[in-house]
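K.L.:
Provided below for reference: sequence and predicted model.
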Amino acid sequence: GSKNIGFKNFEFLFKTNDAWVITRNTIMYNLVFIILGAVLAIAVAIILNEIRNKRAKQVYQTLILIPYLISMVVVSYLVFAFLSDGSGFLNNTVLPAMNKEPISWYNEAKYWPFILVVVSTWKSIGYNCILYYSTICGIDNSLYEAAVVDGAGRLQRIIHITLPCLKPTIIILTLMNLGNIFRSDFGLFYQVPMNSGALLEATNTIDTFVYRGLMQTNN
């Protein structure tokens, strides 16, 4: 018996002062994650395929995949260990060695688009890499053998065999990611910046805005 309000919730959302910021952040971050994540994952998968030592390949695969298995809560404290004002690794070790003044990372929004991209890429590249690597493993070796006989170098084999064979996987994964372009990783945008109000211009997305409206501002 509830009254149907149609699109009034969406109308209310997009009339708020934050509508442009949260929509821009959600879409732009996701576009960067999709493009950069795909390029780096493909590159790492190709590099893994070029490693001939089986044990070394297994070790690298494990190391690359570990960040994906770590909780975003743990990741947020790892980032805090690097960026903390008082005891952070950058402010206490790296910046003094470069004769630079400490930076209040959690109060400076201009740094966070880069920080979030680095953290997201580091965490997700292992899973995406495994998907592309499994496709590469399924490519018929006779194609590479024929290319070697014809005098093709390693780079030529990658350009003319590996990448064309990866094309269907690239298209499918890209379309699936585009389907989630209005959805952001809540842990990445809320927990990693430690919910700092000074960073909202760079970290506020549709997901975090709705959560704050529900849990904090009672809106």
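P.N.:
Now that the structure is in, tell me what you want to look at. Residues are numbered from 1 along each chain as shown.
K.L.:
just give me the longest helix of the chain.
P.N.:
Longest helix in the chain by number of residues, with DSSP state H as the criterion: helix 19-50.
K.L.:
what distance separates that one from the centre of its chain?
P.N.:
How far helix 19-50 lies from its chain's middle: 6 Å, per CA atoms, centre = their mean, to the nearest Å.
K.L.:
could you do stretch 135-145 as well?
P.N.:
Its chain's C-alpha centre and that of stretch 135-145 lie 29 Å apart, by CA atoms, centre = their mean.
K.L.:
and it, what's buried?
P.N.:
Thr135, Ile136, Tyr144 (16 or more other CB atoms under 10 Å). C-beta here means a position set from N, CA and C on the backbone, and glycine is covered the same way.
K.L.:
packing partners for whichever helix or strand comes after the longest helix of the chain?
P.N.:
Remark: after helix 19-50, the chain's next helix or strand is helix 54-69, criterion DSSP states H and E. When contacts are defined as 3 or more CB pairs under 8 Å, 6 or more residues apart in numbering; DSSP states H and E, helix 54-69 sits against helix 19-50, helix 112-137.
K.L.:
what are the buried residues along helix 54-69?
P.N.:
Applying 16+ other CB under 10 Å to helix 54-69 flags Tyr60, Gln61, Ile64, Pro67 as buried.
K.L.:
hang on, isn't the last one packed against Trp122?
P.N.:
Meaning Pro67. Yes - here Pro67 reaches Trp122: they are 5.6 Å apart, a contact under CB atoms under 8 Å.
K.L.:
what helix or strand is Val79 located in?
P.N.:
In this assignment (DSSP H and E), Val79 forms part of helix 72-83.
K.L.:
and that helix, what does it pack onto?
P.N.:
Using 3+ CB pairs under 8 Å, 6+ apart: helix 72-83 touches helix 112-137.
K.L.:
distance of the spatially most central residue of the chain relative to Gln61?
P.N.:
Centrality entry for the chain: nearest residue to the mean C-alpha point is Ser120, 3.0 Å, by CA atoms, centre = their mean. Ser120 sits 20 Å away from Gln61, going by CB to CB, to the nearest Å.
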